[in-house]
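*Asks:* dropping the sequence and predicted coords here.
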Amino acid sequence: MPKPGKKQREAKARVDREKRYAFPDAVQLALETAHAKFDETLDVAVRLGVDPRHADQMVRGTCVLPHGIGKTVRVLVFAKGEKEKEALEAGADFVGSDDLVQKIQGGWLDFDKAVATPDMMGVVGKMGKILGPRGLMPNAKTGTVTFEIARAVQELKAGKIDFRVERAGIVHAPMGKVSFGKDKLLENLGAFFDAIMRLKPPAAKGTYLKSIGISTTMGPGVKVDPLLVKDILK
């Protein structure tokens, strides 16, 4: 492990490791301790009081962040006929059917999200081993297998994220770029936590939000007080 640089050490020293901050203070601190030469992403990690090994405690969902995530999302759509035209008009970057399947099977993967009409899933499903591990497989649960193609494309372009709880009970999600500034990042966090709270499984007992941490790509982690989530909810 390389030794942390001076800027990294200084950033870490500014964060009280024992303290649980309010959201505005935590975001402000994360922004002030971001020290990379590029526009870092602010990420959130939430430990939930669920056991994802049980199907009735799985937390999985989507959320349209009001200010997006700060990157251009390249959307690919598997569709035919009228739905192909609809996808192009909605701003999809790549639209097709068997031609795209062949291209992907040949190793091409220059896109960030994929959407498919339900009638295309027989063909798309055959690429599960290619798309699945990369998180690119269209899925009805996240709204990416649908006949409402225009809406799906527009939401993804606008900054729709999908998230799911990992084995350890943690959900990770990007909240936008440091350049957004505090207010926009707080609004994105509010939308994300609104979605998380709505998805609380009835089978989850005890404390639902166990711990929250935010950090920029290269910056130190900042703990947030889970009891203060109510302050940023819409």
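*Replies:* Great, that's in hand.
*Asks:* every contact and neighbour count from this point should use C-alpha atoms.
*Replies:* Noted.
*Asks:* for Gly176, what are its contacts?
*Replies:* The neighbourhood of Gly176, defined by C-alpha atoms under 8 Å, 6 or more residues apart in numbering, consists of 41-43, 67-70, 185, 188.
*Asks:* if you set the cut-off to 10 Å instead, what comes out?
*Replies:* Applying C-alpha atoms under 10 Å, 6 or more residues apart in numbering to Gly176 gives the contacts 39-43, 65, 67-71, 159, 184-186, 188-189, 216.
*Asks:* got a quick PyMOL command for the buried subset of those?
*Replies:* Buried members of the contacts of Gly176, defined by 16 or more other C-alpha atoms under 10 Å, are picked up in PyMOL with:
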select buried, resi 39+40+41+42+43+65+67+68+69+70+159+184+185+186+188+189+216
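*Asks:* which of the contacts of Gly176 fall in helices?
*Replies:* Using DSSP state H, the subset of the contacts of Gly176 located in helices is 184-186, 188-189.
*Asks:* who touches Glu187 in this structure?
*Replies:* Contacts for Glu187 (C-alpha under 10 Å, 6+ apart) come out as 65-67, 175, 232-234.
*Asks:* what is the nearest of those to Val224?
*Replies:* Closest approach between those and Val224, by C-alpha to C-alpha: Ile232, at 12.1 Å.
*Asks:* excluding chain neighbours, what is closest to that closest one?
*Replies:* Excluding its sequence neighbours, the residue lying closest to Ile232 (C-alpha to C-alpha, 6 or more residues apart in numbering) is Gly190, at 4.9 Å.
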